[in-house]
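> requesting a structural model of the entry that follows:
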Amino acid sequence: MSGGTDQAFALAAAELGMASAAWLFTAEADASEGPEAVQGLRDVLGRNWPVLDAVCAAWQSGARPPRVDATGLAQRLTGITRVVVVGLEVRWLDALVKALPASVRVALVRHSEFSPDWERVLANFGGRVELLELSEFQSWAGQRSVLLSFVYGAGGAEGLFALSAWVRVSGPDVRTQFRQLLGWDVLSVPLSIYPRWLVAVSATDFTQLELAE
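From the prediction side, this is the model:
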């Protein structure tokens, strides 16, 4: 594997999300060249991409991509009219958008450790997802609004992690402006390397945690 593989994964992580990209790359490596390719992917990219490392290790232990079903979450959001999403994980966001009524507006906060093509990202959602600048996300606050962040490792011994955008938007004042501050865990496997690209957060930052299956 070459530096081109790292660049390809960086692009996928930017526009799909690290967990979404990790399961995709791991599955394709195994399908094309077998278990040795999964180990090779881990050896070459794992230190730079700890979420990918965790997914490769889980795959080697028999895990496969988690089932993403947002039906229950959508039901618990009954009455919500706006969802502001911090971070990007396409598999999970796509499931939520499909499960929510068409009347619910969904927006992504335009902030990333990477450099995604935001218009290309939005194209994945058929016009259902909008963009919000970091400076204006509070314009969507209200008693029928939810602030949602993808998180990694909820319930694991390593702790709970999120993208740095969550630190930029969370705080005591924000907690009073939204009905819920929701953390949705997208990594159902343990992290064995300190998660570069992520920051440690507290479960108490959220009013509710939706755990990975």
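> longest helix in the chain, please.
Ranked by residue count and defined by DSSP state H, the top helix of the chain is helix 18-33.
> tell me which strands and helices it is in contact with?
helix 3-16, helix 35-45, helix 50-60, helix 90-99, strand 142-152 (3 or more Cβ pairs under 8 Å, 6 or more residues apart in numbering; DSSP states H and E). The C-beta positions use only the backbone N, C-alpha and C, and glycine is treated the same way.
> sketch out the low-pLDDT regions of this structure for me.
Low-confidence segments of the chain (pLDDT under 70): 1-3, 154-158, 213.
> can you list phi and psi of the residue most central in space within the chain for me?
With distances taken as Cα atoms, centre = their mean, Glu89 lies nearest the centre of the chain, 3.5 Å away. Backbone torsions for Glu89, taken as degrees, to the nearest 10, come to phi -140, psi 100.
> same question for Glu113.
When quoted as degrees, to the nearest 10, the phi and psi of Glu113 stand at phi -70, psi -20.
> that one: what's it in contact with?
The neighbours of Glu113, taking Cβ atoms under 8 Å, 6 or more residues apart in numbering as the test, are 163-164, 197.
> I'd say Phe25 and Asp53 touch.
No: here Phe25 lies out of contact with Asp53, judged by Cβ atoms under 8 Å, at a distance of 11.5 Å.
> of those two, which one has the most company?
For Phe25 versus Asp53, neighbours defined as other Cβ atoms under 10 Å are more numerous around Phe25 (24 against 21).
> could you find the closest non-adjacent residue to that one?
Here the nearest residue to Phe25 in space, its sequence neighbours aside, is Phe9; by Cβ to Cβ, 6 or more residues apart in numbering that works out to 5.9 Å.
> pretty sure Leu132 sits in a strand.
Yes: counting by DSSP: H, G, I helix; E, B strand; the rest coil, Leu132 is found in a strand.
> quickly list what it is bridged to.
Val109 (DSSP bridges).
> that one: neighbouring residues, count only.
Going by other Cβ under 10 Å, the residues that sit close to Leu132 add up to 18.
> quick one: it and Gln7, what's the gap?
Leu132 is 29 Å from Gln7, where distance means Cβ to Cβ, to the nearest Å.
> for Ala14, same thing?
Computed as Cβ to Cβ, the Ala14 to Gln7 distance reads 11 Å.
> show me what contacts the nearest residue to Val68 once chain neighbours are set aside?
For Val68, ignoring the flanking residues on the chain, the nearest one in space by Cβ to Cβ, 6+ apart is Ala95 at 4.5 Å. Each residue near Ala95 by Cβ under 8 Å, 6+ apart is listed here: 68-70.
> let me see the contact set for Tyr152.
Applying Cβ under 8 Å, 6+ apart, we find Tyr152 in contact with 18-19, 51, 160-162, 185-187, 191, 195, 198.
> er, Phe161 I mean
Neighbour list for Phe161: 151-153, 191, 195, 198-201 [criterion: Cβ under 8 Å, 6+ apart].
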